[in-house]
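Undergrad: sequence and predicted structure are below.
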Amino acid sequence: MGVLDVLGKKSKDSNLAASLLVFMVDEVSQQQVIQALRQLGVTDAHVGVGSIDDLIEHLLKVEKSPERLIVDISGLDQPLDALSRLADACDPSVTVYTVGEKNDVTLYRLLLQAGISDYRYKPLTVDALRGWVDGRGSFSVRQSRSGKIIAVSGTRGGVGTTSVAGQLARELCAGGGLRKVVFLDMDFHGGAGTTLMGMQSNHAMTETLDSAENLDAQFLERVLTTRDGRLFTLGFNNGYEQEYQPAPGAVTSLLRVLAQHFHYLVIDLAQAGGMIANEVYMNAHVNCLVSDHSVHSGRILTSLMTHIRNNLDAPVMHVILNASRPPVRTQVDTQEFAKAISQPVTLAIPYDGIFPGMAEDLGQQLDKDSLMAKSVSKLARTLTGETELDEASPGWWRRLFGKVA
Ligand SMILES: Nc1ncnc2c1ncn2[C@@H]1O[C@H](COP(=O)(O)OP(=O)(O)OP(=O)(O)O)[C@@H](O)[C@H]1O
Ligand SMILES: [Mg+2]
């Protein structure tokens, strides 16, 4: 029977986005919801029949995510897994309500922890729907749904900060459904990240930070650069004569708005210190510190980690050792390095020969056989909670973001 509008008519144009989208598992429930929405005077809604995967397929066709989703999880053995697939398919800011068959308080709590706004068991009454339709039905205890902020900074120039951040953004994007990822290049005069991703350089960061209090979806659509509607970039690329200092709090405002629209924000911090970096660290869920094996980098790492821990609301920190140059015989090995900085090394990326340089020059994905691609793919899947790193202790990923939305 497909997706119907509230008059019970088949939606003629499937690209026509509605602000409320409901998917029930059977036609009887579909008709009940349509009746209830009519009683409530709701007109801007579509109601479909099908599973969460049918809903995901429908979302692929619509131009923009609805503001609210009501989804029927009846009969699902693993509702949280299905809801996590759904989370990748719509904007993080979308409010999701669930309907099911069970009056089960454990399930209810798990759903709230996963970022779902409410759960009701069938039949779905007009009263329950009213709360959801006017937005009063969400509970304050719920975890707000928002994108994850990943900061990447380096101990010195050339250690591979941009290579790691750029490849991480690509991997996060490739890894899940309709996931949207934004890469922020914080180098004032332009880092190599956008070249690496085969995109034109973006110059809108200054304008965006200056308007940080008034950012909306239209503004972002105008200033962000993308080729596929999934991986986006924003950068300064200022002239060499230009100096710029954003207003205090502007970086925080920008990150918060972007986190409503993107599943992941990857931030390439060209400077590991200073006002921009500090605001990013304060808002980040995870901070990846990229280092080479040198004694100098070991010292920098120790003081940078102390600075972040003592002065800022520290995100989870991960040391990533990257061999951006061929190893030399006298080089400190990974274990010794970890001992010297009194911090485990989360990931050691081997020297990868010509692959990273080639990928940057051609603006293409790293070769499948590239050691860096394999390592960063592992890192991406760990950050999303899909796998655990071999080096890490069991349950390590859970500590990355807490509970995964
Ligand atoms: N594991 C690796 N194996 C081989 N080459 C690498 C590796 N990591 C990075 N490179 C190469 O090293 C160079 C520097 O990398 P990148 O630009 O990512 O460093 P950066 O820390 O961002 O530098 P900058 O200080 O200029 O911002 C690039 O040419 C890149 O292709
Ligand atoms: Mg760089």
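TA: Everything's here; your move. Ligands and ions are numbered 1, 2, ... in the order given.
Undergrad: so for whatever residue of the stretch 251-400 of the chain ends up closest to ligand 2, what's the nearest residue that isn't a sequence neighbour?
TA: Proximity of the stretch 251-400 of the chain to ligand 2 (C-beta to the ion) peaks at Ala270, 5.6 Å away. Glycine gets a C-beta too; all of them are placed from N, C-alpha and C. Spatial nearest neighbour of Ala270, chain neighbours left out: Asp187 (3.5 Å); criterion: C-beta to C-beta, 6 or more residues apart in numbering.
Undergrad: now do the one you found against ligand 1, distance only.
TA: Note on Asp187: its distance to ligand 1, by C-beta to the nearest ligand atom, to the nearest Å, is 6 Å.
Undergrad: I figured that residue hits Asp268, correct?
TA: Yes: applying C-beta atoms under 8 Å, one finds Asp187 in contact with Asp268, separated by 7.0 Å.
Undergrad: which ones are touching the closest residue to ligand 2 within the stretch 151-300 of the chain?
TA: Closest to ligand 2 within the stretch 151-300 of the chain is Thr162: 3.2 Å, counting by C-beta to the ion. Residues near Thr162 by C-beta atoms under 8 Å, 6 or more residues apart in numbering: 185, 191-193, 196, 268.
Undergrad: tell me the pLDDT at it?
TA: Looking at Thr162, its pLDDT reads 97.
Undergrad: ok, now Asp104?
TA: The model's pLDDT for Asp104 equals 85.
Undergrad: same thing with Thr95?
TA: 88.
Undergrad: from ligand 2, how far out is it?
TA: As judged by C-beta to the ion, to the nearest Å, Thr95 and ligand 2 stand 37 Å apart.
Undergrad: can you give me the helices in the stretch 301-405 of the chain?
TA: 334-341, 355-362, 371-383, 398-401 (DSSP state H, counting those that start in this stretch).
Undergrad: deepest of those helices, which one?
TA: Highest mean neighbour count of these: helix 371-383, a mean of 21 (counted as mean count of other C-beta atoms under 10 Å).
Undergrad: and that one with ligand 1, contact?
TA: Yes: for helix 371-383, a contact with ligand 1 is found by C-beta under 6 Å from any ligand atom, at Met372.
Undergrad: which helices and strands sit right next to that helix?
TA: On a contact count with 3 or more C-beta pairs under 8 Å, 6 or more residues apart in numbering; DSSP states H and E, helix 371-383 meets helix 161-174, strand 345-349, helix 355-362, helix 398-401.
Undergrad: try it again at 6 Å.
TA: Secondary-structure packing of helix 371-383 (3 or more C-beta pairs under 6 Å, 6 or more residues apart in numbering; DSSP states H and E): helix 161-174, strand 345-349.
Undergrad: could you give the number of residues near Lys122?
TA: Look at Lys122: counted by other C-beta atoms under 10 Å, it has 17 neighbours.
Undergrad: count of neighbours near Glu67?
TA: Quick note: Glu67 (other C-beta under 10 Å) scores 16 neighbours.
Undergrad: closest to Asp53 out of the helices of the stretch 301-405 of the chain?
TA: The closest of the helices of the stretch 301-405 of the chain to Asp53 is helix 371-383. By C-beta to C-beta, the value is 21.4 Å.
Undergrad: please tell me how far the closest one is from the chain's geometric centre.
TA: Distance of helix 371-383 from its chain centroid, counting by C-alpha atoms, centre = their mean, to the nearest Å, is 16 Å.
Undergrad: look up how far ligand 1 lies from Ala89.
TA: 31 Å.
Undergrad: now the helices of the stretch 301-405 of the chain as a markdown table including distance to Thr208?
TA: Below are the helices of the stretch 301-405 of the chain laid out as a markdown table (distance: least, C-beta to C-beta, whole Å):
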| stretch | distance to Thr208 |
| --- | --- |
| helix 334-341 | 35 |
| helix 355-362 | 25 |
| helix 371-383 | 25 |
| helix 398-401 | 25 |
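Undergrad: I'd like the ones you listed laid out as TSV, including mean pLDDT and distance to Asp210.
TA: Output for these, formatted as TSV (pLDDT from 0 to 100; distance: least, C-beta to C-beta, whole Å):
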stretch	mean pLDDT	distance to Asp210
helix 334-341	89	38
helix 355-362	93	30
helix 371-383	92	31
helix 398-401	36	31
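Undergrad: how about the residues of the stretch 51-200 of the chain near ligand 2?
TA: Residues of the stretch 51-200 of the chain lying near ligand 2 by C-beta under 5 Å from the ion: 161-162, 191.
Undergrad: near ligand 1, list only the ones from the residues you listed.
TA: When contact is defined as C-beta under 6 Å from any ligand atom, these meet ligand 1 at 161-162, 191.
Undergrad: the more surrounded of Asp187 and Asp268?
TA: Counted by other C-beta under 10 Å, Asp187 and Asp268 do not tie: Asp268 has more neighbours, with 28 against 19.
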